Every structure is written in C-alpha cells, then in structure tokens.
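Engineer: Kindly return the folded structure for what I paste below:
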Amino acid sequence: MNREQIAAIQNVTLDYLFELGNKAVVSVGKLLALKNQWTCTTFADMFELVQKSLSSKEHRDRLSLQDNFAERMTERVLA
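Structural biologist: Model (predicted):
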C-alpha cells in the first residue's frame, strides 16, 4: 500500500469515528432531556401531593394520597 491509500483509509476511519462520536453526543442529549422531563413531572406530582396533604383533614386521606403517589411512581419507573 502506498501513502495515499494509507491516508485515505485513515481519513475514512476518522470520519467514521467523528460520526459515531456525534451520534453518541446526540443520544446523551436526548437521554438528559428525557431525564429532565421525568424529574420535572415527578416534582410536580410531589408538590401536588404535598398541597393535597396539607389541605386534607383526615389522616386516612393523607395515606390514600401517598399510596396513589407511590403507585404512580412505580408505574413511571417501570415504564
């Protein structure tokens, strides 16, 4: 193999590696966006639970709210 062939092979290899790296960065960005969305939704649900718990007079109602929240969290984690 001559120098031009070696340079061409190296160029193709580097192009492939940069393309693969770019895809990895895009995938990580999408994963972080999904994690951020999940976190925001979870905090919103927790805030709603606290608001309902504070407005509830009955202890049973508070436990029911916590059970419902736990069920939703379990579903979200398993999804």
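
Engineer: Can you tell me the centre-most residue of this protein?
Structural biologist: residue 35 (2.2 Å; CA atoms, centre = their mean).

Engineer: mind checking which helix or strand that one is in?
Structural biologist: Here residue 35, judged by DSSP states H and E, is contained in helix 3-55.

Engineer: and the next element down the chain from that helix?
Structural biologist: Using DSSP H and E, the first helix or strand after helix 3-55 is helix 59-78.

Engineer: which residues are in contact with that next one?
Structural biologist: 38, 41-42, 45-46, 49, 52-53, 56 (CB atoms under 8 Å, 6 or more residues apart in numbering). C-beta: built from backbone N, CA, C; applies to glycine.

Engineer: just the CA coordinates of stretch 43-50, formatted as PDB?
Structural biologist: Extracted as PDB, the C-alpha positions of stretch 43-50 are listed here (Å, rounded to 0.1, in the frame of the first residue of the first chain):
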ATOM      1  CA  PHE A  43     -41.500  17.200  41.400                       C
ATOM      2  CA  ALA A  44     -44.900  18.500  40.100                       C
ATOM      3  CA  ASP A  45     -46.600  15.300  41.400                       C
ATOM      4  CA  MET A  46     -44.800  15.600  44.700                       C
ATOM      5  CA  PHE A  47     -45.900  19.300  45.000                       C
ATOM      6  CA  GLU A  48     -49.500  18.300  44.200                       C
ATOM      7  CA  LEU A  49     -49.300  15.500  46.900                       C
ATOM      8  CA  VAL A  50     -48.000  18.000  49.500                       C
END
